[in-house]
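>>> heads up, no residue letters with this:
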């Protein structure tokens with residue numbers, strides 16, 4: 001029985017693959033593949049997150065409305081939702097240089113197809 005333990009196992013593995021340099025290359029390659037796999041999964045998760053899907057939609061105003069902050073919505077205006085917290089919605093009004101605006105979700109529901 002040997003007291004070398006893990007060192008003996010590593011030496012045996014190195015001999016099986018052709019030497020310590022090849023063992024190091026194999027370990028590095030496996031680490032690279034695992035890292036790229038994790039990176040790929042993170043990208044997929046970010047693309048499929050509900051926040052990106054919901055907030056990338058552009059809404060069109062179908063009836064006139066005016067917010068409490070004196071922001072006018074005319075028929076045909078377009079806006080994108082950036083953030084939402086209960087009844088307060090942060091929007092980007094497309095074509096307006098004074099973005100963003102906080103607007104009531106109730107107002108947006110009444111003047112467009114916002115849900």
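Structure's in. What do you need? Keep in mind that this is a model prediction, so the values were computed, not measured.

>>> Kindly provide the whole-number mean pLDDT of the longest helix along the chain.
Looking across the chain with DSSP state H, the single longest helix is helix 20-48. Average pLDDT, helix 20-48: 92.

>>> who does that helix touch, helix- and strand-wise?
helix 6-17 (3 or more C-beta pairs under 8 Å, 6 or more residues apart in numbering; DSSP states H and E). To be clear about C-beta, it is placed using only N, CA and C from the backbone, and glycine gets the same treatment.

>>> list the buried ones in the helix it packs on?
residue 14 (16 or more other C-beta atoms under 10 Å).

>>> just the angle between it and helix 20-48, please?
With axes from the mean of the first three to the mean of the last three C-alpha atoms, to 10 degrees defining the directions, helix 6-17 sits at 90 degrees from helix 20-48.

>>> which residues touch helix 6-17?
Here helix 6-17 makes contact (C-beta atoms under 8 Å, 6 or more residues apart in numbering) with 2, 20, 22-23, 26.

>>> which among those end up buried?
residue 23.

>>> Looking at the contacts of helix 6-17, which one is closest to residue 67?
Nearest to residue 67 among these, counting by C-beta to C-beta, is residue 26 at 62.3 Å.

>>> OK, contacts around that closest one?
residue 17.

>>> can you give me phi and psi for residue 103?
phi -140, psi 150 (degrees, to the nearest 10).

>>> pretty sure it is touching residue 89, no?
Yes. Under the criterion of C-beta atoms under 8 Å, residue 103 makes contact with residue 89 at 5.4 Å.

>>> Any regions of the chain where pLDDT drops low?
1-2, 49-55 (pLDDT under 70).

>>> from the middle of its chain, how far away would stretch 61-76 be?
Counting by C-alpha atoms, centre = their mean, to the nearest Å, stretch 61-76 is centred 30 Å from the centre of its parent chain.
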